[in-house]
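Undergrad: Mind folding the following:
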Amino acid sequence: MITSIAPTATPRKTALAKFSGHRLLTSPGGLAGAVWLAALVAASLTAPWWLPYKTEDQDFTAVLSGPSAAHWLGADELGRDLLSRIFASAAGTLGTSLITVIVGVGLGTILAMTAAASDRAEGIISRVTEIMMSLPGTVIILAVIGAVGTNIPLIMAILGILISAGIYRVMLGQAKSLQSQLYVDAAKVDGVGPLGISVRHVLPGLMNTVVVQSALIFAVGMLIQAGLAFIGFGPPIPQPSWGGMIQSASQHVYDAPWLMVPSGAVLALTVLSANAIGNALGKSPNAAASHLPSAAIRRKRAADAAAAAAAAPAVEHAPAAGQLSVRGLSVGVDGGTPLVTDVTFDVAPGTVLGLVGESGCGKTMTAVSLLGLLPSGVSVTGGQILWNGKNLASATEKDLEGIRGRDIALISQEPMRALDPMFTVGYQLTAAIRRLRKAGKAEARAEALSLLEKVGIVDAQRILKSYPHQISGGMAQRVAIALALSGKPRLLVADEPTTALDVTVQAEILSLLRSLVKDTGMSVVMVTHDLGVVADICDNVAVMYAGQVVEGGRTASILDNPRHPYTLALLAADPHANTAHDMPERLATIKGQVPQPKDWPAGCRFAARCQFAGSACAVPVPLLPSGSEDGEVRCVKADELAVEGLGWLATEVPTHRVLEIVEKDMA
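TA: Below you'll find the model as predicted:
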């Protein structure tokens, strides 16, 4: 049975899926570089149709002349038109440089994927590439020229082979990291062979690196090709080349300095364009993982939040010290889609507030906004976060630095995100204590030991000397809690701290948090999917759906007498909400899924999934008093449901599913 509040799984997005030309279009430098290269290639391929002169035509009246109506970029020492020679040779220069890219990056990537899939292959390939990197590349290229002549395509291919050893070294570490991922293990279990794993799972993860390296090698290939032509090993005369034209111009740098400008500028612009394209395509997109915004974005965000806070209505009564008051909080994409709207709740000292709802309802976004840790591109667009006389929604980054860890701390869903694998637990704890409490080294170590014992770790001395990978998940979560307590915070934001733990450890962590609240008097904001956790530890609960609080109040009142259909549905879908004697034959489900922010309706956001929805639900619904212990509810039919005692009905199993179940039981 799948309950409606279970977190939904998201498909793994490979780097190949993220690799998109959108990044090129949004980068001014990359877009300009792409336009320049495209124009250069198009002009070169169509040169016979539009160039005013052939590359060998000579005009002895314009020898070493500058730009003129007849020769737009001037003429060289033999009176040949520079514009014609530059564009006629562009395609050849770019094409032969592309050979270096294909051979070098292609061979290096194949070798890296092969070595990552086999330790034996890695040993052989690494030794061979070490020998290749020790060879003098310039000497080898000159030796090849001496043996076969100036065969530019062959020379650039050999250059690619030499460069592939360095590319292999760059790719190998990343390829081995991808080979160790869990989805690769799953593919092996499914019977996918080494070649399939390399092509389907490893190669897409290398695409960003491949693009960046290709751009760099493309630029290097052009420069080396121009350098060879400069010293006389370019295309045979009279065939034009950029390096050859630069070499000819260098002989007249004093009597005709302009001659150096056209060919030198075109070569420099082309190299810069290749690098700009690589930089644009190689930028990591904003993905699932949260990347904190830059300082400039944070300053702009603070200014916008201050303006929004100033426009917000004043609070009639300032909250007491140590009490968190959130009023009309709204969070959204910068200049775009709202993600959380009009969230209001209070957290009194020594109490626990639970934020509950399905995935995608805005719980985590609300929680991290309390500490100013919203990801890049997302900001507070309205409302107030009041804490000890300050509005954190409009606080500067400097103000927030003085609050994070000291007044408000965070426990993340995955404890390993809070722990650095490079340092011992003791080092990380003592460093945090020394920074937050201004304590000495000995005092900080003693306090670290005390914190580990406080969070229920028996062998604290051993754990202090351990690295994060040497301890279990439950132990790591306890260490993360100790790390959060290192600054003696008054408010703890716990983002699903028990989701990744087994049932026994979950109970231990909840018991630990409950005792910490009782002993220290701190308050907690608990983000969770589990109504059992809410019933166990939370004093108050706020049920969120599609970025809104749809019902809030005392936990006992909400669980015993829910007023909103969504809360009714969550409880009906939870097996722990029913005792053994009144357990229904079939638990309820909620049809459909939480709508995306861009698809939020103008009226009740739950109406499309609600069994009680009507025409009155098509208009916006405010959060109104529910009449139950200072509770609030966002539903026009809340009173009607309470009076009639209606509950969320379990949907019937489709007939064909019943037949399937019966047939399996009979078999």
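
Undergrad: what residues are up against residue 319?
TA: Neighbour list for residue 319: 325, 346, 386, 387 [criterion: C-beta atoms under 8 Å, 6 or more residues apart in numbering]. Every C-beta, even on glycine, is put in place using the N, C-alpha and C of the backbone.

Undergrad: Could you pull up the mean pLDDT of stretch 54-61?
TA: Across stretch 54-61, the average pLDDT comes to 89.

Undergrad: and for that stretch, what are the contacting residues?
TA: Where contact means C-beta under 8 Å, 6+ apart, the residues beyond stretch 54-61 that reach it are 53, 70-71, 75, 78-81, 84-85, 88-89, 238-240.

Undergrad: first to last residue in it, what's the distance?
TA: End-to-end span of stretch 54-61 (C-alpha to C-alpha, to the nearest Å): 16 Å.

Undergrad: try stretch 42-53
TA: 18 Å.

Undergrad: please begin residue numbering at 25 from this point
TA: In the new numbering, first residue 25, that becomes stretch 66-77.

Undergrad: In it, which residues are buried?
TA: Using 16 or more other C-beta atoms under 10 Å as the test for burial, stretch 66-77 gives 67, 68, 71, 75, 77.

Undergrad: just to revisit the earlier point, going through the contacts of stretch 78-85, which ones are buried?
TA: Buried residues within the contacts of stretch 78-85, counting neighbours by 16+ other C-beta under 10 Å: 77, 95, 99, 103, 104, 105, 108, 109, 112, 113, 264.

Undergrad: for the first one, what are its contacts?
TA: It refers to residue 77. Residue 77 is in contact with 83, 104, 105, 108, counting by C-beta under 8 Å, 6+ apart.

Undergrad: Between the buried residues of stretch 66-77, which sits nearest residue 345?
TA: Proximity to residue 345 was ranked across these by C-beta to C-beta; first place goes to residue 67, at 71.3 Å.

Undergrad: Let me see the confidence value for that closest one.
TA: Per-residue confidence (pLDDT) for residue 67: 88.

Undergrad: Can you tell me the SS state at residue 92?
TA: Following DSSP: H, G, I helix; E, B strand; the rest coil, we place residue 92 in the coil state.

Undergrad: so who does it touch?
TA: 86, 98.

Undergrad: Just the buried positions in stretch 162-177, please.
TA: Judged by neighbour count using 16+ other C-beta under 10 Å, the buried positions of stretch 162-177 are 164, 165, 168, 169, 176.

Undergrad: Can you tell me which of those comes closest to residue 447?
TA: Distance to residue 447, by C-beta to C-beta, is smallest for residue 164 among the buried residues of stretch 162-177, at 45.0 Å.

Undergrad: what's the helix or strand for that closest one?
TA: Assessed by DSSP states H and E, residue 164 sits inside helix 161-172.

Undergrad: Measure how buried residue 459 is and give me the count.
TA: By other C-beta atoms under 10 Å, the residues close to residue 459 number 14.

Undergrad: just checking, next helix/strand downstream of the helix or strand of the chain with the lowest mean pLDDT?
TA: Lowest mean confidence among the helices and strands of the chain (mean pLDDT, DSSP states H and E): helix 39-42, at a mean of 40. Beyond helix 39-42 in the direction of the C-terminus, DSSP H and E gives the next helix or strand as helix 46-49.

Undergrad: which of the residues in the very next helix or strand once past the helix holding residue 164 are buried?
TA: Next along the chain after helix 161-172, taking DSSP H and E as the criterion, comes helix 176-203. Neighbour-count burial for helix 176-203, with 16+ other C-beta under 10 Å as criterion, is recorded at 176, 179-196, 198-200, 202-203.

Undergrad: Stretch 280-300 too?
TA: 280, 283-284, 286-288, 290-291, 294-295, 297-300.

Undergrad: Sort out for me which of those residues are in helices.
TA: Mapping the buried residues of stretch 280-300 onto helices (DSSP state H) picks out 284, 286, 287, 288, 290, 291, 294, 295, 297, 298, 299, 300.

Undergrad: For those residues, give me CSV that also has distance to residue 428 and pLDDT.
TA: Formatted as CSV, these follow (distance: C-beta to C-beta, whole Å; pLDDT from 0 to 100):
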residue, distance to residue 428, pLDDT
284, 57, 91
286, 57, 93
287, 56, 91
288, 52, 92
290, 52, 93
291, 50, 93
294, 48, 94
295, 44, 93
297, 43, 93
298, 42, 91
299, 38, 89
300, 37, 90
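
Undergrad: want to throw those residues into a markdown table with distance to residue 131?
TA: Shown next, in a markdown table, are those (distance: C-beta to C-beta, whole Å):
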| residue | distance to residue 131 |
| --- | --- |
| 284 | 36 |
| 286 | 35 |
| 287 | 31 |
| 288 | 32 |
| 290 | 30 |
| 291 | 26 |
| 294 | 24 |
| 295 | 23 |
| 297 | 25 |
| 298 | 20 |
| 299 | 22 |
| 300 | 25 |
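
Undergrad: between the residues you listed, which is closest to residue 379?
TA: Closest to residue 379 out of those is residue 300 (44.4 Å), distances taken as C-beta to C-beta.

Undergrad: now what about stretch 126-137, what contacts it?
TA: Here stretch 126-137 makes contact (C-beta under 8 Å, 6+ apart) with 149, 153, 180-181, 183-192, 194-196, 198-199, 222, 226-227, 230, 234, 237-238, 241.

Undergrad: Quick check: buried residues in that stretch?
TA: Going by neighbour count (16+ other C-beta under 10 Å), the buried part of stretch 126-137 is 127, 128, 129, 131, 132, 133, 134, 135, 136, 137.

Undergrad: Which helix or strand contains the fifth one?
TA: It refers to residue 132. Residue 132 belongs to helix 114-141 when elements are defined using DSSP H and E.

Undergrad: what's downstream of that helix, the next helix or strand?
TA: Next in sequence after helix 114-141, counting helices and strands by DSSP H and E, comes helix 143-158.
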